[in-house]
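Engineer: Here's my sequence, what's the structure:
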Amino acid sequence: MSSEPLVLYDTRTRSKRVFAPLEPGRARIYSCGPTVYAPQHLGNMRSQLLADLLKRALLFEGYAVQHVINITDVGHLTGDGDAGEDKLERAALLSGRRAAEIAAQYTAQWLRDRERLGCLAPEVLCKATDHIPEQIELVRVLEAKGYTYRIADGIYFDTSKFPRYGEFARLDLAGQAAGARIGDVPGKRQPVDFALWKFAAPGVQRQQEWDSPWGRGFPGWHVECSAMADRYLGHRFDIHTGGVDHVAVHHTNEVAQSECAWDVHPWVGFWLHNEFLDLRGEKMAKSTGNVAVLDDLIERGVPPLAFRYLFLQAHYRQQQTYTDEAMGAAATGYERLLLACAELREAADGIPEAHIEPLRQRFRAAIRDDLNAPRALAVAWEATRAPGLAAAERWAVLREADSVLGLDLARAIPRAERSQSDPRIDALVAERDAARARRDFATADRIRRELSAEGIAIEDTPGGTRWRRA
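Structural biologist: Below you'll find the predicted structure:
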């Protein structure tokens, strides 16, 4: 086995560090999930693929993993500055539907897309609306410790009371003009102060609002993650994941309220953030309409796992550009990998470990180097054609690698095989197999020649005879 430890890049310290969990043998992860007011686009799904790659790598290392993902179904406003409308309430108003119905629809779509992309299910999937008491309690604790103030619009966190506020995102607080980073709300003491509890506007009937010690209203967006992470993972935990767009606001605010509420530092051991997926040179964003969703790929005949293959071709901390050409190339690469694996996966067991150990070590070294998926994928490709290894040995490497890569190499059927269905040809191939079984090689050779004249190539593999159109 490779002796290198697992090393991860931590956003907080801006450095790679050896992963050491708070509790030996157990890794606790919180991942920011979707705001379920609209379909989740492919850029959104990149954050889920990062979290899944991380989870698979930790399981590969032998850790017991507790993975928590949230569903934001209330409190996320159209502006990061605590101004604008709640995204769920706005979607309900525009569509004439119930907010809960919209949230259920897009939660189901997101869960279906995660499954189609090969993502493992989290141990806990928690909705903001199911944890209002926990969020109210967090605000109450912060209030009791003197970190809050009240204005007409709601209860706010006073960032001046937390001297480390700008450290996480390396913010230049002194150089920020009022309202430069987040919206201008009358009564806010600092432009970076953020809402913990928003009051229901007079005369406005919201679908989602609750009673609280401060009046009827709803929680701010940032509160839910801290409250639910604490509920399921404790005051401190090992890893928090999310998109790089969350660093400057959402995750900075999570750190502030959590460290102040529970008197801990650091609140999280490691922060992992994935870079953007660009669509034709622009960041994918529902707000601009610059989006592509998984169903778009499926309608074009592209298997969902080809998008996962595309994700694995770039490091998660690299910005990745999505184009039809890039997606097409990834689909072709994934198909080729499946075809190579189809030739190997029926091979017999009984692997001489010494033969495959060098490849296994290089794969582990790639994953342990901050989840270097492109390098790990290259090792998997090398295993498909390693000249000194038998088919069974190559497949053993690929099967182990796929527990991290998540490309379903053991079950996925190449498109070329799915499309090769012809009862007449199948019958001729079966007749040839029977002839070979009774050692009638003259008949078997004649059938091969006849099929070859029709442009049909026959391949005898450990898993049986396969045919394809040459």
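
Engineer: Apart from its chain neighbours, what residue comes closest to Y106?
Structural biologist: Using Cβ to Cβ, 6 or more residues apart in numbering and skipping the chain neighbours, the partner closest in space to Y106 is V36 (4.0 Å). C-betas here are computed from N, CA, C, even on glycine.

Engineer: Could you count how many residues lie near that neighbour?
Structural biologist: By the measure other Cβ atoms under 10 Å, the count of residues near V36 is 27.

Engineer: and it, what are its phi and psi?
Structural biologist: For V36, the backbone dihedrals (degrees, to the nearest 10) come out as phi -100, psi 60.

Engineer: Then G220?
Structural biologist: According to degrees, to the nearest 10, G220 has phi -70, psi 160.

Engineer: What segments of the stretch 151-300 of the chain are strands?
Structural biologist: 154-157, 194-199, 217-219, 237-243, 268-274, 277-279, 282-283 (DSSP state E, counting those that start in this stretch).

Engineer: what's the spacing between the closest residue in space to F199 that isn't next to it in sequence and P202?
Structural biologist: Nearest in space to F199, with sequence neighbours left out and distances taken as Cβ to Cβ, 6+ apart, is G217 at 4.4 Å. Distance, G217 to P202, by Cβ to Cβ, to the nearest Å: 12 Å.

Engineer: The strands of the stretch 151-300 of the chain: lowest mean pLDDT?
Structural biologist: The stretch with the lowest mean pLDDT among the strands of the stretch 151-300 of the chain is strand 282-283, at a mean of 60.

Engineer: just to revisit the earlier point, so G217 and P202 - more neighbours on which side?
Structural biologist: Legend: neighbour count by other Cβ under 10 Å for G217 and P202, higher for G217 (22 against 6).

Engineer: contacting residues for the more buried one?
Structural biologist: G154, W197, K198, F199, A200, E209, W210 (Cβ atoms under 8 Å, 6 or more residues apart in numbering).

Engineer: hmm, try it at 10 Å
Structural biologist: Residues in contact with G217 (Cβ atoms under 10 Å, 6 or more residues apart in numbering) are 75, 153-155, 195, 197-201, 206, 208-211.

Engineer: Quickly list what it is bridged to.
Structural biologist: F199, W210 (DSSP bridges).

Engineer: show me what contacts D86?
Structural biologist: D86 neighbours (Cβ under 10 Å, 6+ apart): 35, 37, 74-78, 92-93, 99, 198, 206-209, 218, 221.

Engineer: Just the buried residues of those residues.
Structural biologist: Neighbour counting by 16 or more other Cβ atoms under 10 Å classes 35, 37, 74-77, 92, 99, 198, 206-209, 218, 221 among these as buried.

Engineer: For the stretch 101-250 of the chain, which segments are assigned as helices?
Structural biologist: 132-144, 221-233 (DSSP state H, counting those that start in this stretch).

Engineer: Tell me which other helices or strands the first one touches.
Structural biologist: Yep, that's helix 132-144 we're talking about. Judged by 3 or more Cβ pairs under 10 Å, 6 or more residues apart in numbering; DSSP states H and E, helix 132-144 is in contact with strand 148-151, strand 154-157, strand 194-199, strand 217-219, helix 221-233, helix 252-262.

Engineer: can you do 8 Å?
Structural biologist: strand 154-157, strand 194-199, strand 217-219, helix 221-233, helix 252-262 (3 or more Cβ pairs under 8 Å, 6 or more residues apart in numbering; DSSP states H and E).

Engineer: do you know how far A437 is from V7?
Structural biologist: 54 Å.

Engineer: between these two, which one's more packed in?
Structural biologist: V7 (16 against 9).

Engineer: And the pLDDT for the residue most central in space within the chain?
Structural biologist: The residue lying closest to the centre of the chain (Cα atoms, centre = their mean) is Q48, at 1.3 Å. Here the pLDDT value assigned to Q48 is 98.

Engineer: List phi and psi for E89.
Structural biologist: Dihedral angles (degrees, to the nearest 10) for E89: phi -60, psi -40.

Engineer: Provide a list of residues in contact with it.
Structural biologist: Applying Cβ under 8 Å, 6+ apart, the residues near E89 are A99, R206, Q207, Q208.

Engineer: so who does A261 touch?
Structural biologist: A261 neighbours (Cβ under 8 Å, 6+ apart): L138, V141, L142, K145, Y147, S226.

Engineer: Kindly recompute the last result at 6 Å.
Structural biologist: If you count contacts by Cβ atoms under 6 Å, 6 or more residues apart in numbering, A261 has them with L138, V141, L142.

Engineer: same thing with V7?
Structural biologist: Taking Cβ under 6 Å, 6+ apart as the test, what V7 contacts is K16, V18, D370.

Engineer: do V268 as well
Structural biologist: Going by Cβ under 6 Å, 6+ apart, the list of residues near V268 reads H240.

Engineer: Likewise for Y334?
Structural biologist: A306, Y309.

Engineer: Secondary structure class of it, three-state.
Structural biologist: Assigned with DSSP: H, G, I helix; E, B strand; the rest coil, Y334 falls in the helix class.

Engineer: Just the pLDDT for it.
Structural biologist: pLDDT, Y334: 95.

Engineer: Check A180 too.
Structural biologist: 49.

Engineer: for the one helix or strand Q48 maps to, the distance to its chain's centre please.
Structural biologist: Using DSSP states H and E, Q48 sits in helix 42-60. The chain centroid and the centroid of helix 42-60 are separated by 4 Å, computed with Cα atoms, centre = their mean, to the nearest Å.

Engineer: Only alpha carbons, please: show it as CSV.
Structural biologist: Written as CSV, here are the backbone C-alpha positions of helix 42-60 (Å, rounded to 0.1, in the frame of the first residue of the first chain):
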residue,chain,number,x,y,z
LEU,A,42,-24.7,21.2,-14.0
GLY,A,43,-22.7,23.8,-12.2
ASN,A,44,-24.6,23.2,-9.0
MET,A,45,-24.0,19.5,-9.4
ARG,A,46,-20.2,20.0,-9.5
SER,A,47,-20.3,20.7,-5.7
GLN,A,48,-22.2,17.4,-5.2
LEU,A,49,-19.6,15.5,-7.2
LEU,A,50,-16.8,17.0,-5.1
ALA,A,51,-18.6,16.0,-1.9
ASP,A,52,-19.1,12.5,-3.3
LEU,A,53,-15.5,12.1,-4.5
LEU,A,54,-14.4,13.2,-1.0
LYS,A,55,-16.7,10.7,0.7
ARG,A,56,-15.6,7.8,-1.5
ALA,A,57,-11.9,8.7,-0.9
LEU,A,58,-12.5,8.6,2.9
LEU,A,59,-14.3,5.3,2.7
PHE,A,60,-11.5,4.0,0.6
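
Engineer: Distance of T159 relative to E299?
Structural biologist: 46 Å.

Engineer: So which of those two has more stuff around it?
Structural biologist: The residue with more neighbours, out of T159 and E299, is T159; 25 against 9, by other Cβ under 10 Å.

Engineer: Who are the contact partners of the spatially closest residue to A103 that is not a sequence neighbour?
Structural biologist: Leaving aside its sequence neighbours, A103 sits nearest to D73 (Cβ to Cβ, 6+ apart; 4.0 Å). Residues in contact with D73 (Cβ under 6 Å, 6+ apart) are V36, A103, K127, A128, T129.

Engineer: go again using 7 Å as the cut-off
Structural biologist: V36, L88, A103, K127, A128, T129 (Cβ atoms under 7 Å, 6 or more residues apart in numbering).
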